[in-house]
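1. Can you look at this prediction? I've put the sequence above it.
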Amino acid sequence: MADALVEFDSVVKKFGDFTAVERMNFTIDEGEFVAIMGPSGCGKTTTLRMLAGLEQPSKGEVRMQGRVMNAVPAHERDTPLVWQSLALFPFLNARENVEFGLQMRGVDAATRRKKALDWLDRLEIGEFAERDISSLSGGQKQRVALARSLVTEPKILLLDEPLSALDANLVIRMQSMLTRLQRELGITFVYVTHSQSEAFAMADRVVIMSRGRIAQIGTPKDIYRAPDNRFVAEFVGRNNIISGKIKSSSGKSVLINGSLGDFKVSLGGRAKPSPGSEGSFVIAADLVRLSSKKPRAGNQIECSLISEEFIGSVVTLFLEARDGSEFKVQIQERELADMDLKHMGKVFVSWDPERAHYIGAD
Amino acid sequence: MKPDRLLKWFLYGYLGLVFVFIFSPILFSIIFSFNSDRFPTIPLGGFTLKWYETIWQDPDVWEAARTSLLVSFSVATIATFLGFTTAYTDYRYRFKLKPLYLALILLPPTIPLIIMALAMLAWFAKIGLSGQVFSIIIAHTVLTAPFAMAIIRLRLSQMDESLEAAAWNLGANQWRALRRVIIPFCRPAIISSFCLTAAVSFDEFAIAWFISGLNKTIPVVILEIVTGNIDPQVNAIGSFVFLTSMTLVIIAQVVLMTKNKTEKEKHG
């Protein structure tokens, strides 16, 4: 296990009466790619700005390599940030932009120039070194911004939704470039985004934030398959959440009684809830079976088809259960073509107890 | 689309008339500055440079030109500096009495010139500063600094808010970020504000007339020549003043426009 590079220790950030970040504790390891994800206003950018020294924590400590950073001004940190707007200096050309950080550190002109050109070459935009920023395309500007941040060889790179202004094709390409770059350099990337696909595609670990709090930290797979709570389950992926009363518990599973019947859910590693209390579970849209005949036993819901959303090889079906609640099913387009769904009227969704994920009462 | 075209030509014609209305007196003044007749009558007399020679040889005019240039250059420098610092303060900081601060800064141009001139005269007489080049510089700075502030403030409002923080993030302290990022970004606005405040000061008559004393500026000398007698050398000085001011104003406009153009391309 690598050493902790960054530690957030009970960090609180208030703006007047508004609490942007509430008692945050987490660590980031050296060489890790961490994505901080959440809806807008969840405090993810504030967290990043505290790392860069652009905001000071109201309470608690931010430590970097064991050193308390609270009072260290932004310009004395080595925490370059790739801005959402890129914030390239419009009055300097690409090379001069990249040289800026080196110049501030007192590096001599010849070395500066060489390093800047090396980085521009490395990011495959060497030929645009003397171009004005305004004459570069979105992707090229992105690379200049990256080169500008990496040229000082920092231990950590902060990225604030850097791909949000690019079109979908370019986003995919930049994602693979960023992952490759992070592996090669072996430095820590902290990547703030609201996009699940960006976070999951690149990060080793994802921090999900909601209203100033950490809702869950884990690998993309953990978060996708084993959300800790309702917020994460709703925010991530296509999940169906079913709530009810705990009817009974036996061994490693519980029986939950909801308005659509009884469902058997395996507890995973969770503590056993007491019978009679409220409980919910998540069943992911892509982990259910779809059939026209009523299954003999097991977890099942009878639904009717409302609409379908076609996104390439996978189709999302929006179904309606007896009690009016929506149920989402994701299925391969190829499989769906074999079923004559339009003429089925009623469909049955079913799943194994191990596929469902218990999330407690909240 | 015939009506549209008609409207377009009508508007062009209207615009043309406005320009004729504004510039014909000046044009006539320039024409008559080369006219050999003593009185401005048509048909014109012969072509002459006599009036330019007269003012060229007039030590009073030279003295006034020197004063005017000194005043407008100093005013432009001080007013642009004040304009930049106040605009930056407004951009960078939040404080309680900000509306009051802004109102106070933008107040001087709303005061009628004659009132301001009288007040300045009274005040300078009281503190023993009246009649000096220095006092004209102060008075003109008060008058023009708000324009400088407005121009630079507009430019700052177009700046990406992250730009300054990006400089800090890359290791620049506040001073270096100001010098290396804010000022270069504002450069076009700073140049045009320098030119415009210089032009306003160079042309300004009312305040200069009240407080200049023996240190007359060009507009004051023009008035003295006109009140004395009708003399075409006024046209000659007038043409010179017009040329100077127009040059400054045009520089200011060109600098601002080229900058805007490159930024539009960037967004396009």
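-> Received it, and whenever you're ready, just let me know what you need. Residues are numbered from 1 along each chain as shown, chains lettered A, B, ... in the order given.
2. Helix or strand, whichever it is, which one in the chain has the lowest mean pLDDT?
-> Went with chain A since none was named. The helix or strand of chain A with the poorest confidence is helix A:333-338; it has a mean of 78 (mean pLDDT, DSSP states H and E).
3. Could you list the buried residues of that one?
-> A:Leu336 (16 or more other Cβ atoms under 10 Å in any protein chain shown). Yep, even glycine has a C-beta here, placed from its N, CA and C like the rest.
4. Now do the contacts for the residue lying closest to A:Val6 once chain neighbours are set aside.
-> What sits nearest to A:Val6 in space, not counting adjacent residues and going by Cβ to Cβ, 6 or more residues apart in numbering or on different chains, is A:Ile28, at 4.1 Å. Contacts of A:Ile28 were listed using Cβ atoms under 8 Å, 6 or more residues apart in numbering or on different chains, and they are A:Ala4, A:Leu5, A:Val6, A:Glu7, A:Val34, A:Ile156, A:Thr188, A:Val190.
5. nearest spatial neighbour of A:Ala147, skipping sequence neighbours?
-> Using Cβ to Cβ, 6+ apart, the closest residue to A:Ala147 is A:Trp119 (4.1 Å).
6. Packing partners of the strand or helix carrying that neighbour?
-> Under the criterion of DSSP states H and E, A:Trp119 resides in helix A:109-122. Judged by 3 or more Cβ pairs under 8 Å, 6 or more residues apart in numbering or on different chains; DSSP states H and E, helix A:109-122 is in contact with helix A:94-104, helix A:138-150.
7. and it with helix A:138-150, angle?
-> Going by axes from the mean of the first three to the mean of the last three Cα atoms, to 10 degrees, helix A:109-122 is angled at 140 degrees with respect to helix A:138-150.
8. which outside residues touch helix A:109-122?
-> A:94-95, A:98-99, A:102-103, A:107, A:126, A:128-129, A:143-144, A:147, A:150-151.
9. Those: which two are farthest apart?
-> Pairwise distances across the contacts of helix A:109-122 peak at 21.9 Å for A:Val107 and A:Phe128 (criterion: Cβ to Cβ).
10. can you pull out the helices in the chain?
-> If you meant another chain, say so; for now it's chain A. A:44-52, A:94-104, A:109-122, A:138-150, A:168-185, A:196-202, A:220-225, A:230-235, A:333-338 (DSSP state H).
11. That was the other one, I meant chain B.
-> Using DSSP H, helices in chain B cover B:2-32, B:50-57, B:59-92, B:98-106, B:113-126, B:133-157, B:162-169, B:174-177, B:183-203, B:206-211, B:218-228, B:233-267.
12. Now the first one: buried residues?
-> Looking back up the chat, that one is helix B:2-32. So helix B:2-32, judged by 16+ other Cβ under 10 Å, has buried residues B:Ser29, B:Ile30, B:Phe32.
13. Where does the prediction get shaky in the chain?
-> Defaulting to chain A. A:1-3, A:340-344, A:362 (pLDDT under 70).
14. not what I meant, chain B
-> Ranges of chain B meeting pLDDT under 70: B:1-2, B:230, B:259-268.
15. what does it put close to chain A?
-> Contact residues, chain B versus chain A (Cβ under 8 Å from any Cβ of the partner chain): B:160, B:162-163, B:165-173, B:176-177, B:180-181, B:184-185, B:187, B:262-263, B:265-266.
16. Can you flag the buried ones in those?
-> Counted by 16+ other Cβ under 10 Å, the residues of chain B next to chain A give B:160, B:162-163, B:165-172, B:176-177, B:180-181, B:185 as buried.
17. Give the burial count for A:Leu48, as a bare number.
-> Close neighbours of A:Leu48, defined as other Cβ atoms under 10 Å in any protein chain shown, add up to 21.
18. hang on, I meant B:Ala199
-> 23.
19. What's the separation between A:Asp222 and chain B?
-> Using Cβ to the nearest Cβ, to the nearest Å, A:Asp222 is found at 32 Å from chain B.
20. Name the residue of the stretch 1-150 of chain B with the shortest distance to chain A.
-> B:Arg94 (11.5 Å; Cβ to the nearest Cβ).
21. burial count for that residue?
-> B:Arg94: 6 neighbours (other Cβ under 10 Å).
22. Now the phi/psi pair for it, please.
-> phi -110, psi 130 (degrees, to the nearest 10).
23. Near residue 109, how many residues? Count them for me, please.
-> Let's take chain A. Neighbours of A:Ala109 using other Cβ under 10 Å come to 10.
24. Wait, chain B was what I had in mind.
-> Neighbours around B:Pro109, by other Cβ under 10 Å: 15.
25. Could you pull out the strands in the stretch 201-350 of chain A for me?
-> A:205-210, A:213-218, A:239-250, A:253-258, A:261-266, A:278-284, A:289-291, A:299-311, A:314-321, A:326-332, A:346-351 (DSSP state E, counting those that start in this stretch).
26. Can you tell me what sits against the fifth one?
-> This points to strand A:261-266. In contact with strand A:261-266 (Cβ under 8 Å, 6+ apart) are residues A:242, A:244, A:247, A:252-256, A:281, A:298-301, A:353-354, A:356-358.
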